[in-house]
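A.B. asks: would you be able to build a 3D model of this:
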Amino acid sequence: LCQTAQAVEDLRLLVQSRYPILYVETFEEERLEQILATVAAELGTPFWTWSVTTGLWRRGTDQPAYETTQPLAALRHLSSIRTGGLYLLRDFHPYLTDPVVVRQLREFAHEQDGGAVTLVLCSPALELPIELRKLSARYQLALPDETEIRRTVIETFRQLGQSRKLRYELDEEGLRRLVRNLRGLTLPEVRRLVARSAFDDLALTAEDVPRVLAAKRDAVERAGLLEFVAIDSEVA
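C.D. replies: Numbering: from 1, shown residues only. Here you go, the predicted structure:
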């Protein structure tokens, strides 16, 4: 299975296991949303998203839940639901230091334990309060695999070519090397590096392969998360 198919399968299992709260640490908010939308469609359950700027919205419709921009209001609304659903709460981590929000989440989890409503808390960094840990399950969203990266490279180049005349001069081996050099990045980072490489000389060529590796090194080192170490397999 590719990473996306595996992620769908794993998340579907967690939802079907009736955990009231799932939490995911990831920068790839859009990718997680797409995966959860697939899970919701497969399970035939409504899928809603929340952020502090938009409140609750049912995905794929113009159907909002009014006056739910504040986290407590959103959680109280969710506590009243009895029909089931999957709810993605974006960037919820700042509110987990508020004891009232934590208490509301705990009461929600007890009320919904074994029920059909699942909250998914999503943030780049998320430390769950100890009160909620026994009521929740953590999910690790793996970085894109080579299949996803390859598809993203091709789709991004095609989209860019709709507005500018670009040359695609990678053979199969060149594409394979480019994809390998993009491993370890998120899909938005892949799209940005492909665009940068293509617009630099209005072409995607074998010369872009080492340039992408250098740009990847800069991105990793700027993030300060780990030291980038080039290995032969990445440039061969």
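
A.B. asks: which positions in the host helix or strand of E9 come out as buried?
C.D. replies: Here E9, judged by DSSP states H and E, is contained in helix 3-16. Of all the residues in helix 3-16, those buried under the rule 16 or more other CB atoms under 10 Å are Q3, T4, A7, V8, D10, L11, R12, L14, V15. In this view, the C-beta of every residue, glycine as well, is placed from N, C-alpha and C.

A.B. asks: which ones are touching the fifth one?
C.D. replies: Remark: with contacts taken as CB atoms under 8 Å, 6 or more residues apart in numbering, D10 is in contact with Y139.

A.B. asks: where does this protein have low pLDDT?
C.D. replies: Within the chain, the ranges that satisfy pLDDT under 70 run 1-3, 220-236.

A.B. asks: count of neighbours near the residue nearest to A37 when sequence neighbours are not counted?
C.D. replies: Residue nearest to A37 in three dimensions, not counting chain neighbours: F47, with 5.5 Å by CB to CB, 6 or more residues apart in numbering. Other residues within reach of F47, judged by other CB atoms under 10 Å, total 21.

A.B. asks: show the backbone phi and psi for F47.
C.D. replies: phi -120, psi 120 (degrees, to the nearest 10).

A.B. asks: which parts of the one helix or strand F199 maps to are buried?
C.D. replies: Under the criterion of DSSP H and E, F199 resides in helix 187-201. Neighbour-count burial for helix 187-201 flags L187, E189, V190, R191, L193, V194, S197, A198 (criterion: 16+ other CB under 10 Å).

A.B. asks: just stretch 107-114 next, same as before
C.D. replies: For stretch 107-114, by 16+ other CB under 10 Å, it's F108, A109, Q112.

A.B. asks: name the SS class of the second one, please.
C.D. replies: Just to be clear, that refers to A109. helix (DSSP: H, G, I helix; E, B strand; the rest coil).

A.B. asks: please verify my assumption that it contacts R18.
C.D. replies: No. Shown here, A109 and R18 do not form a contact pair, counting by CB atoms under 8 Å, at 11.0 Å.

A.B. asks: identify the residues contacting the nearest residue to A65 once chain neighbours are set aside.
C.D. replies: Among residues not flanking A65 along the chain, L56 sits closest, at 3.8 Å (CB to CB, 6+ apart). Residues in contact with L56 (CB under 8 Å, 6+ apart) are W48, T49, W50, P64, A65, T68, A74, H77, Y87.

A.B. asks: right, and the third one touches G85 too?
C.D. replies: No. The pair W50 / G85 is not scored as a contact, 11.6 Å apart, by CB under 8 Å.

A.B. asks: good, we can wrap up now.
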